[in-house]
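Chemist: below: sequence and its predicted model.
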Amino acid sequence: MKLYRGLQSKEYVEHTKEFESKFRLDWEYILQRREVGDFSYPEDLNSLIVGLYKSQPLTRQYFTDDKIIAERYLKEGGVMIELDVPISDILDNFIIEFQNYSKRREKFEVTYLTHSKVILENKDKWDLKVIS
């Protein structure tokens, strides 16, 4: 089953094992502070927090099975991410949700959410394509 994601950004950044490791270490450092009751904004970690914030969208990926919907998210210079995922893999690896449920009779939409590391692990099997 074809799944699509339109990105506004000019450059697609692939979620790599190095990215995943850094993301995890950075969050671990923040969570350790919070665990001991330090909920103040850690100014000394500002650049780390800005980096985490900018990379958050890379950790979770929303897809649609409707290419027209994905194309609406494209801006000049953006990219289309395309996957070809067997239904059994969708059921095993994605959270499937109704989109715009109240308008379902006009336009029946479904979204598919997965973690970027799942895409990384299956990119060859799912024939990941980045289309400019």
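Modeler: Structure's in. What do you need? Residues are numbered from 1 along each chain as shown.

Chemist: quick check: buried residues in stretch 74-88?
Modeler: By 16 or more other C-beta atoms under 10 Å, the buried positions in stretch 74-88 come out as Gly78, Val79, Met80, Ile81, Glu82, Leu83, Val85. Bear in mind the C-beta positions are built from the backbone N, C-alpha and C, glycine included.

Chemist: which helices and strands does the helix or strand in which Leu3 is found pack with?
Modeler: Taking DSSP states H and E as the definition, Leu3 sits inside strand 2-7. In terms of contacts (3 or more C-beta pairs under 8 Å, 6 or more residues apart in numbering; DSSP states H and E), strand 2-7 is packed against strand 60-64, helix 67-72, strand 79-84.

Chemist: between the first one and strand 2-7, how big is the angle?
Modeler: When you say that, I think you mean strand 60-64. 120 degrees (axes from the mean of the first three to the mean of the last three C-alpha atoms, to 10 degrees).
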